[in-house]
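[1] no sequence for this one, just the structure:
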């Protein structure tokens, strides 16, 4: 009976360890992912902060600033949710570790009790069962050999019990340290959660105050939107005219093998193209949208607007050829049209182009500096993507 007990304990311990391992593997992976999400969101928040600081130079409130605040509110809401998910994951992890610690404590107590009984038994019977006398009392050599083996096995078993106790103690100490680490991490996240809630509250108040001030300028803002819509339509007309002209050329003269390869390569890179700026955030998406602050106003975007920092350069998203430098109607800025076989990309709101029509460009090559609006201190690139005369949603083509 004595020899079977430790094997049973080892089996129970092994099963518990397997269950704990799989629990830990699942949650540690989840916690790693959540930690990465928080780091990525913090990077986005820091960059939005940089853009917000640049708006402080402006004398007036602007929808650009309000939109950046909205973006930051959304980012803080997402980071808050992710923190809460990580806290839940850590809490589950703590529960699992506490269960494992209780099991190990129980196993350790059982091993120590069993070892104490062995020592007590050995001490009590030392005078009655002297080893030599016990061996000499054997009937024959075989019995003496068996009794000698018994002493050896008993000695081995006692040493094995000591080793098991030491191993269990080390494992228990290790789990307790991990538990303490998890508890400290949970406290850190609770503090971060509280700080994020405070920031979220402050930004919501600031956004509402800005909106209240902008309401008094509604007429002026609507007039500005109409002006921008007219500029948009004029630019679309100019681009369509140029692309139609290119299409007519293609009908008369088929695409060269180089252009066909370029077009095919461009199409194969859907979802993999680099962004047309080194750093930036999506400010306005493709298509028609209800204005977020002015009721009854629909805005249209033929591409996407990307907010970036002052002095940023627009860059080519793929190899191609500059076909035209277009003056943006109603402004002193330019739009650069690049051909990629049957595809075209347009980079608008450029204050100074550093490429020329007919020039071959490479992917990520700088094309020109993006205009900074002195009114709201915004630096935004308008990026469009066309397949012949059909407008495409650029976000589906850019790398996530």
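    Yep, it's here. Because the structure is a prediction, the values reported are computed rather than measured.
[2] pretty sure residue 89 is touching residue 32, no?
    No - with contact defined as Cβ atoms under 8 Å, residue 89 does not count as touching residue 32 (10.1 Å). Bear in mind the C-beta positions are built from the backbone N, C-alpha and C, glycine included.
[3] so where's this protein shaky on pLDDT?
    The model of the chain has pLDDT under 70 over residues 1-29, 57-61, 118, 120-141, 143-158, 217-218, 250-260.
[4] Who has more neighbours out of residue 89 and residue 32?
    residue 89 (21 against 10; other Cβ atoms under 10 Å).
[5] Packing partners of the helix or strand harbouring that one?
    Here residue 89, judged by DSSP states H and E, is contained in helix 63-124. In terms of contacts (3 or more Cβ pairs under 8 Å, 6 or more residues apart in numbering; DSSP states H and E), helix 63-124 is packed against helix 4-55, helix 141-215.
[6] quick one: residue 87 and residue 30, what's the gap?
    12 Å (Cβ to Cβ, to the nearest Å).
[7] quick revisit: just the angle between the helix holding residue 89 and helix 141-215, please?
    160 degrees (axes from the mean of the first three to the mean of the last three Cα atoms, to 10 degrees).
[8] Pop the domain breakdown of the chain in here.
    Using automatic domain parsing, the domain parsing of the chain gives 4-215, 227-396.
[9] Let me know which of these is tucked in deepest.
    domain 227-396 (a mean of 17; mean count of other Cβ atoms under 10 Å).
[10] From the chain's centre, how far out is that one? Work that out for me.
    On the basis of Cα atoms, centre = their mean, to the nearest Å, domain 227-396 sits 28 Å off its chain's mean C-alpha point.
[11] Offset the numbering so it begins at 39, please.
    Taking 39 as the first residue, the last one we looked at is domain 265-434.
[12] Between its first and last residues, what's the separation in it?
    Across domain 265-434, the terminal residues are separated by 29 Å (Cα to Cα, to the nearest Å).
[13] Give me the contact list for stretch 242-259.
    For stretch 242-259, contacts defined as Cβ atoms under 8 Å, 6 or more residues apart in numbering pick out 99-101, 103-104, 107-108, 111, 331-332.
[14] List the contacts of residue 420.
    341-343, 373, 384-387.
[15] Kindly reformat those as a markdown table containing secondary structure.
    Putting those into a markdown table (DSSP: H, G, I helix; E, B strand; the rest coil) gives the following:
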| residue | secondary structure |
| --- | --- |
| 341 | coil |
| 342 | strand |
| 343 | strand |
| 373 | strand |
| 384 | strand |
| 385 | strand |
| 386 | strand |
| 387 | strand |
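[16] Switch the domains of the chain over to a markdown table; also include distance to residue 259.
    Shown next, in a markdown table, are the domains of the chain (distance: least, Cβ to Cβ, whole Å):
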| stretch | distance to residue 259 |
| --- | --- |
| domain 42-253 | 7 |
| domain 265-434 | 7 |
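[17] Strands of the stretch 339-438 of the chain, start to end?
    342-345, 351-353, 358-365, 372-378, 381-391, 398-399, 404-408, 418-425, 428-430 (DSSP state E, counting those that start in this stretch).
[18] To residue 321, which of the ones you listed lies closest?
    strand 342-345 (4.1 Å; Cβ to Cβ).
[19] Now do that closest one: which elements does it pack against?
    Strand 342-345 packs on strand 319-322, strand 418-425, going by 3+ Cβ pairs under 8 Å, 6+ apart.
[20] Export those strands as CSV, with columns for distance to residue 120.
    Below are the helices and strands packed on strand 342-345 laid out as CSV (distance: least, Cβ to Cβ, whole Å):
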stretch, distance to residue 120
strand 319-322, 18
strand 418-425, 28
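[21] Between all of the contacts of residue 420, which two are at the greatest distance?
    342 and 373 (14.2 Å).
[22] Angles on the backbone of residue 316, please.
    With angles defined as degrees, to the nearest 10, residue 316 sits at phi -70, psi -40.
[23] cool, residue 427 as well?
    Here the main-chain torsion angles of residue 427 (degrees, to the nearest 10) amount to phi -100, psi 10.
[24] What distance do you get for it to residue 409?
    Noted for residue 427: a distance of 27 Å to residue 409, by Cβ to Cβ.
[25] re earlier: out of the contacts of stretch 242-259, who's nearest residue 263?
    Nearest to residue 263 out of these is residue 332 (Cβ to Cβ; 7.5 Å).
[26] wait, doesn't the closest one sit right on residue 261?
    No - with contact defined as Cβ under 8 Å, residue 332 does not reach residue 261; the gap is 11.6 Å.
[27] tell me which element the closest residue to residue 267 other than its chain neighbours falls in.
    Leaving out its chain neighbours, the residue that sits closest to residue 267 by Cβ to Cβ, 6 or more residues apart in numbering is residue 338, at 7.3 Å. Taking DSSP H and E as the definition, residue 338 sits inside strand 336-339.
[28] Check what contacts that strand and list those residues.
    263, 267, 270, 322-329.
[29] What strands line up against it, and which way round?
    strand 325-328 (antiparallel) (DSSP bridges).
[30] for stretch 300-314, how far is the first residue from the last?
    18 Å.
[31] contacts for it?
    293, 344, 352-358, 378-381, 383, 385, 401-402, 419, 421, 434-438.
[32] On the strand side of things, show who residue 364 bridges to.
    What pairs with residue 364, by the bridge criterion (DSSP bridges), is residue 373.
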